[in-house]
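> below: sequence and its predicted model.
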Amino acid sequence: METIECRIEYIIWQNETNSYTICEMSNDELGDFVAVGYLPFINPGDKISADGNWELHIEYGEQFKIISYEKAKMEEEEDIYLYLSSGAVKGIGESTAKRIIDAFGKESLNIIRDEPLKLSKIKGISEKKAIEIHDDYLQQQGVQDIVIFFNKHGISASLAYRVYKEYGSDSVKKIQENPYLLCKDIDGIGFKTADSMAGKIGLYHNSPERLCAGIIYVLSEAVGNGHTYMQQSLLVPQTSALLSVAEDEIIDALIKMALESEIRLNKTDDETHIYLPAYFIAENGVASYLSHISMDKFSTNKKQLETDISEIEQEMGIVFADQQREAILCAANSGVMIITGGPGTGKTTIIRAIIALMKKMKMKIALAAPTGRAAKRMTQMCNMDAKTIHRLLEMESGLGADKWSFARNNSNPLTADVIIIDEMSMVDILLMYHLLKAVKNGARIIMVGDADQLPSVGAGCVLKDILASETVKTIRLKEIFRQAKESMIVVNAHKINNGEMPELSGKDSDFFMINRPRQAMGVREIIELCTKRLPKFLNSDNALEDIQILTPVKRGESGVENLNRVMQSTVNPPTKNKKEVTRFLYTIREGDKVMQTRNNYDMEWEREDGSPGLGIYNGDIGFVQKIDMHEGYADILFDGEKKVKYTFDLFKDIELAYAMTVHKSQGSEFAAIVMPAYPVNMMLQSRHLLYTGVTRAKRLAVLVGQAEIVANMVVNDREDRRNSGLEQALRKAFSSEI
């Protein structure tokens, strides 16, 4: 890293949201040069000491990338004039700046800071305006102090700016008092960074703030792994080891936190479960809401129902099987129900029939799914608009990552009489809680999903827990219908789910395996399939969208990262005409297939007709249309219709998507999937993962690798059991209702 003393001559462009800046600078030895970086509250005329590295940009040549900086004190009249005349301080333009310099010279900034009323002696500055100038200048100085303070502790200017927006001018004071607020409130700053800062500040090793933050961190890590709680017998030693303090001190801290409702405790016969409050409230809330909704019984005219169902059979051109008819009747008579089953068992047919029946009953219907891709597929299958659950609940913006608030809730419920949720296996406990809060009295909720797929990315295992509790009316579909039986994808999916070896050698089949014992051979085969053979087989105009590589792991030769690199170099290599940006793990260039890796509820998008929308979600897939290096953003088109501007700092939330993990593919459907089968961690070498991957394929599923690995996956039905108390909470809630 290099340090340069330089002066800002001209700001070429600055992002108002995050202060990403492109500017022209000068140095006595280097002359004029271009610099880029996160530089809040810099202005022409500022002298700074900048730490960073030189980079050669493919289009704009050599530029200095600033990692951190510190402003030099302005002492010369010329520097002070340039600063004031730049418009940096509200209320001061060029002419006013000249009059201030003429009156106070080198003392001008000291006068603005310490004796602002003296400014009112200058023509055009009233006492009120003088105070406004003083306040704005102090605010800027406060932000500069914050940036300098955090730079010294290894926190970038962009994160420092977020701290300022959260806490204002008291940021440094607040963080010095309790640096662990950073990992609690600021997205992008973790416990270890805050803990390092606390050590430098001199906070006691066993201070209450540190013990509390350590406990929250360990619980949050558990939530990230899908658990809604931790056993006290595990939490205490893990936190003790993390913080290097005695277990007794951790237990004392737990008692204090419980008394102050910073954590919640649930005592069972032989263990105490420790929750973060949101997950305790959500589990018990879901149980309570479902028990209340299930109490609703609807009096329907049985004869009219049979007539309506017969008419629907004629309209759809089918005769419903017994289980399908039972599900349709149950939807008419029950407040809450679940329809579950594997591929080819008729779930979509039942949903369409229920929609038709509810329309005949003059009911208002809402369709929703956990992800954008799942909602889009539901729309296509049902010929009726389906929304993401977030959009259905009218997610409110401006709260930041992972901070949820919905306009629809128990005081402003949804107006729908019937709510049908597809892909229920993907719904986590927090989202389920917010959904049920918004169901109006007397409304029906119908949940549809495949319980044998992988659980949700978020904490909990909602669908499995509800089924295991045996409290909600459930239709389990087992019969595979004739048309589905013709698909080896469907047949083999059910074989896998039953612990049977799938048929791998079928010629002219929609499911087959190519044996390649070595991973290097397998990778070459996968690239050949995706770029040449399968596009021809599918007769596809958009092979990159229709064909998806799914793999159990991120790393390794047949992992996501390597397959993405190889695919990118094959289908979208660098050229002089294609702009690209290197950020974090990836180089992203124009034309690349990319995926959003976290929920961003505030992300604005626009359709081609100009209609706006809000929210890009974990797993959404798009294509990079354009990269603007000068203004620091990329245009990405998601789902073929939603155009989003990504500033370069948001590239941390996207990655290449030629290949993705099976977990990330949940709720999606692709014309063809290609899946490597090579040795991986035993927990990922599982039946549920293979089943989930195979069932993402609509027209073709291809496995590449070793048949013995497929056999190992089929017999390994172990699941990484999640800590979840929903099943017990449901039984308790339904028991009390009865």
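The structure has been received and is ready for your questions.
> give me the buried stretch members for stretch 91-110, please.
For stretch 91-110, the neighbour count (16 or more other CB atoms under 10 Å) marks G91, I92, T96, A97, R99, I100, I101, F104, S108, L109 as buried. C-betas here are computed from N, CA, C, even on glycine.
> surely the fifth one touches S108?
Spelled out, that is R99. No - distance between R99 and S108: 10.2 Å, which falls outside the contact criterion (CB atoms under 8 Å).
> what's the neighbour count on R696?
Counted with other CB atoms under 10 Å, residues neighbouring R696 total 21.
> likewise Q596?
Neighbours around Q596, by other CB under 10 Å: 25.
> next one: E166
For E166, the count of nearby residues is 15 (other CB under 10 Å).
> correct me, but it touches I186?
Yes - between E166 and I186 there is a contact at 6.2 Å, judged by CB under 8 Å.
> from Q728, how far off is the residue nearest the centre of the chain?
Relative to the mean C-alpha position of the chain, the nearest C-alpha, by CA atoms, centre = their mean, is the one of R598, at 1.8 Å. Applying CB to CB, to the nearest Å, the value for R598 to Q728 is 31 Å.
> likewise for N542?
Noted for N542: a distance of 48 Å to Q728, by CB to CB.
> ok, now M513?
When distances are taken as CB to CB, M513 and Q728 turn out to be 42 Å apart.
> again with P40
In this structure, P40 and Q728 are separated by 49 Å, where distance is defined by CB to CB.
> strands of the stretch 151-300 of the chain, residue ranges please.
For the stretch 151-300 of the chain, the strands defined by DSSP state E, counting those that start in this stretch occupy 229-231, 264-267, 272-275.
> contact partners of the second one?
If I follow you right, that is strand 264-267. The contact list for strand 264-267 (CB atoms under 8 Å, 6 or more residues apart in numbering) reads Y229, A258, T272, H273, I274, Y275, L276, P277, F280, I281, G725.
> for stretch 270-287, buried residues please.
272-276, 278-280, 282-287.
> also stretch 729-738?
Neighbour counts over stretch 729-738 (16+ other CB under 10 Å) mark A729, L730, R731, K732, A733, F734 as buried.
> which of the residues you listed fall in helices?
Within these, membership in helices is found for A729, L730, R731, K732, A733, F734, as judged by DSSP state H.
> phi, psi of the residue nearest to R718 when sequence neighbours are not counted?
Among residues not flanking R718 along the chain, S686 sits closest, at 6.6 Å (CB to CB, 6 or more residues apart in numbering). Note on S686: backbone dihedrals following degrees, to the nearest 10 are phi -120, psi 160.
> distance of S686 from V680?
S686 is 10 Å from V680, where distance means CB to CB.
> picking that back up, between P40 and Q728, point out the one with more neighbours.
Counting neighbours by other CB under 10 Å for P40 and for Q728 shows that P40 has the greater number, 21 against 17.
> per-residue confidence for the closest residue to the more buried one other than its chain neighbours?
In space, not counting the residues next to it along the chain, P40 is nearest to S19; the distance is 3.8 Å by CB to CB, 6+ apart. S19 is assigned 74 on the pLDDT scale.
> wait, S19 touches L39, no?
Yes - here S19 reaches L39: they are 6.0 Å apart, a contact under CB under 8 Å.
> the two - which one has more neighbours?
Each of S19 and L39 had its neighbours counted (other CB under 10 Å), and the higher figure belongs to L39 (25 against 20).
> circling back: among the buried residues of stretch 91-110, which are in strands?
Of the positions in the buried residues of stretch 91-110, not one sits in strands, assigned by DSSP state E.
> re earlier: the residue nearest to the centre of the chain: what secondary structure?
Going by DSSP: H, G, I helix; E, B strand; the rest coil, the secondary structure assigned to R598 is coil.
> for the one 3 residues further on, same thing?
In the three-state summary, Y601 is assigned as strand, counting by three-state DSSP.
> count the residues that sit near it.
22.
> mind checking how far it is from M426?
Applying CB to CB, the value for Y601 to M426 is 17 Å.
> longest strand of this structure?
Of all the segments of type strand in the chain, defined by DSSP E, the longest one is strand 2-14.
> and stretch 362-370, which residues are buried?
Residues M363, I365, A366, L367, A368, A369, P370 are the ones in stretch 362-370 that count as buried (16+ other CB under 10 Å).
> would you say the first one is within a strand?
No - the assignment for M363 by three-state DSSP gives coil, which leaves it out of any strand.
> list the contacts of it.
Under the contact definition (CB under 8 Å, 6+ apart), the residues listed for M363 are D417, V418, R444.
> ditto for the fifth one
Residues in contact with A368, defined by CB under 8 Å, 6+ apart, are 375, 378, 386-389, 391-392, 419-422, 435.
> the second one too?
For I365, the set of contacting residues under the criterion of CB under 8 Å, 6+ apart consists of I355, M358, K359, M384, A416, D417, V418, I419, I420.
> ok, the closest residue to it other than its chain neighbours to L367 distance?
In space, not counting the residues next to it along the chain, I365 is nearest to V418; the distance is 4.8 Å by CB to CB, 6+ apart. Taking CB to CB as the criterion, V418 is separated from L367 by 9 Å.
> likewise for A711?
Going from A711 to L367 by CB to CB gives 39 Å.
> and G31, by the same measure?
As judged by CB to CB, G31 and L367 stand 62 Å apart.
> can you find the helix or strand in this structure with the smallest mean pLDDT?
Lowest mean confidence among the helices and strands of the chain (mean pLDDT, DSSP states H and E): helix 482-485, at a mean of 62.
> checking R718 next. Helix, strand or coil?
Of the three states, R718 takes coil according to three-state DSSP.
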